[in-house]
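*Asks:* For reference, the sequence and a predicted model appear below.
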Amino acid sequence: MLAFVDESGDAGMKNKPGSSALFVICAVLFLDNEDAHACDARISELRVECFGQKQREFKFNKCGDQHRKVFLRGVMGQEFLYIAFVLNKAKLYGPGFQFKESFYKYTCKLLFENAKPYLSDASVVIDGSGNREFRKQLQSYLKKKINIDKEKTIKKVKIEASHRNNLLQLADMIVGALARSFREDKAGFGEYRDIISRAELGVQIWPRK
């Protein structure tokens with residue numbers, strides 16, 4: 001099993017200038033490698049459809065409306081599901097949330113606690129760079145928190161750059177579509193999520209407003 005993880009928003013607290021109101025993190029799940037390879041190939045085709053021969057990366061915030069819809073509709077024939085966790089930062093308190101690395105690790109834990117019923121021996125790939133020590137900490141942290149009672153829910157955790165990974169770009173587009181659905185100040189804010197709704201396993205918002 002494969003899981004590809006990306007986020008929308010920032011890990012800064014809401015009372016800091018420029019900080020997003022929500023932090024949304026999403027895991028795109030593939031039950032087997034064949035489904036992942038098929039989706040990877042489809043995204044390569046969509047890149048040609050959208051950008052010609054240019055090797056551009058699919059990123060929700062850098063794509064226009066037309067390319068977003070072409071991409072999201074184009075991947076809906078593939079076999080994947082997604083699950084997400086939304087942190088309502090205005091309701092958070094506690095010193096741990098002031099530190100970006102602990103904020104991110106804790107949110108990952110909440111996401112994978114919700115995803116656990118769907119995971120088995122999963123290889124997790126997370127978008128980002130991060131230093132080597134943080135990568136090691138994150139892998140150890142998630143395995144310790146999620147792999148309990150001798151269950152091997154998570155086999156390994158890797159952090160990769162999204163520009164080299166089509167399925168991390170899929171996670172970016174999915175989490176971007178989901179995050180946009182909470183932006184009622186944006187025209188057509190729910191359209192993208194409607195397109196991908198058949199793949200949605202669940203979205204938890206915490207703390208509730």
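*Replies:* Yep, that arrived.
*Asks:* just checking, next helix/strand downstream of the longest helix seen in the chain?
*Replies:* Counting by DSSP state H, the longest helix found in the chain is helix 33-51. Once the chain leaves helix 33-51, the next helix or strand it forms, by DSSP states H and E, is helix 65-75.
*Asks:* Tell me, how many residues neighbour Thr153?
*Replies:* Using other CB atoms under 10 Å, Thr153 has 23 other residues around it. To be clear about C-beta, it is placed using only N, CA and C from the backbone, and glycine gets the same treatment.
*Asks:* Glu133: which element?
*Replies:* Judged by DSSP H and E, Glu133 forms part of helix 132-146.
*Asks:* which secondary structure elements does that helix contact?
*Replies:* With contacts defined as 3 or more CB pairs under 8 Å, 6 or more residues apart in numbering; DSSP states H and E, helix 132-146 has these neighbours: helix 100-115, strand 154-160.
*Asks:* Now do the buried residues in the first one.
*Replies:* In this case it means helix 100-115. 103-112, 114-115 (16 or more other CB atoms under 10 Å).
*Asks:* follow-up on the earlier one: helices or strands up against the longest helix of the chain?
*Replies:* helix 65-75, helix 166-180.
*Asks:* any idea of the angle that helix forms with helix 166-180?
*Replies:* Helix 33-51 and helix 166-180 are oriented at 70 degrees to each other (axes from the mean of the first three to the mean of the last three CA atoms, to 10 degrees).
*Asks:* can you list the residues that contact helix 33-51?
*Replies:* Helix 33-51 has contacts (CB atoms under 8 Å, 6 or more residues apart in numbering) with 2, 30, 55-56, 58, 63, 67, 70-71, 74-75, 77-80, 166-167, 169-170.
*Asks:* how about a cut-off of 7 Å?
*Replies:* Contact partners of helix 33-51, identified using CB atoms under 7 Å, 6 or more residues apart in numbering, comprise 2, 30, 56, 67, 70-71, 74-75, 78-80, 166-167, 169-170.
*Asks:* ok, now stretch 80-95?
*Replies:* Stretch 80-95 has contacts (CB under 7 Å, 6+ apart) with 13-14, 21-30, 35, 39, 107, 110-111, 114-115, 118, 174-175, 178, 199-207, 209.
*Asks:* Could you pull out the buried residues of stretch 159-166?
*Replies:* Per 16+ other CB under 10 Å, stretch 159-166 contains these buried residues: 159, 162, 165-166.
*Asks:* Extract the C-alpha trace of that stretch and format it as PDB.
*Replies:* Backbone C-alpha positions of stretch 159-166 (Å, rounded to 0.1, in the frame of the first residue of the first chain) are rendered in PDB as follows:
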ATOM      1  CA  ILE A 159      10.200  12.700   2.300                       C
ATOM      2  CA  GLU A 160      10.600  13.600  -1.400                       C
ATOM      3  CA  ALA A 161      10.500  16.700  -3.600                       C
ATOM      4  CA  SER A 162       7.200  16.900  -5.400                       C
ATOM      5  CA  HIS A 163       8.600  18.100  -8.700                       C
ATOM      6  CA  ARG A 164      10.100  14.600  -9.300                       C
ATOM      7  CA  ASN A 165       7.000  12.700  -8.200                       C
ATOM      8  CA  ASN A 166       3.700  12.700 -10.000                       C
END
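*Asks:* Return a ChimeraX selection command for the buried portion of the contacts of stretch 80-95.
*Replies:* Here is the ChimeraX command that selects the buried residues among the contacts of stretch 80-95 (16+ other CB under 10 Å):
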select :13,14,22,23,24,25,26,27,28,29,30,39,107,110,111,114,115,118,174,175,178,199,203
